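> here is a sequence together with a model predicted from it:
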Amino acid sequence: MKRLLLFAMTVFLLIVSIPIANMIKDRNTEYQMEQVESAIQRSLNLCYAQEGFYPAKLDYLIENYGLIVDDRLYFVSYKSFASNIRPDITVFRKGN
């Protein structure tokens, strides 16, 4: 009887823990994307403060301001309108 109860509790814990683990993973993914966007915004601020313009391409920030974006994990939509207007930035997670 004790073994059956222990088995039932183990199965119950597994069933409950899988959705919880997925929820934690999803929140972590959202947090990582927010961190990538925040790093881009900081690089934009620094560039504008030092040089007086927003770059036309994200590559400028990567090459000149040490910005690192893992392009295997993230796609960054970087829409620049003019050098004095802040670019529109959206970060997407690739894959799942």
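Sure, I can see it. Quantities reported herein were computed from a predicted structural model and do not represent experimental measurements. Numbers count the residues shown, from 1 in each chain.
> what kind of secondary structure is I24 in?
helix (DSSP: H, G, I helix; E, B strand; the rest coil).
> next one: T90
strand.
> quick one: it from A49, how far?
Using C-beta to C-beta, to the nearest Å, one gets 23 Å for the distance from T90 to A49. C-beta coordinates here come from the backbone N, C-alpha and C atoms, glycine included.
> one more: R86?
Using C-beta to C-beta, R86 is found at 13 Å from A49.
> if you count surrounding residues, which of those two has more?
Using other C-beta atoms under 10 Å as the criterion, R86 and A49 rank with R86 on top: 13 against 8.
> could you measure from the residue nearest to that one when sequence neighbours are not counted over to K25?
Closest residue to R86 apart from its sequence neighbours, by C-beta to C-beta, 6 or more residues apart in numbering: Y54 at 5.9 Å. To K25, Y54 is 34 Å away according to C-beta to C-beta.
> likewise for R42?
26 Å.
> was I right to think Y48 contacts Y54?
Yes: assessed by C-beta atoms under 8 Å, Y48 is found in contact with Y54 at 5.7 Å.
> any idea which residue sits dead centre in this structure?
Nearest to the mean C-alpha position of the chain, counting by C-alpha atoms, centre = their mean, stands M33 at 1.3 Å.
> got a pLDDT number for that one?
Looking at M33, its pLDDT reads 89.
> so what's it up against?
By C-beta atoms under 8 Å, 6 or more residues apart in numbering, M33 lies in contact with Y74, V91, F92, R93.
> and the first one, backbone torsions?
What it means is Y74. Here the main-chain torsion angles of Y74 (degrees, to the nearest 10) amount to phi -130, psi 150.
> no further queries at this time; thank you.
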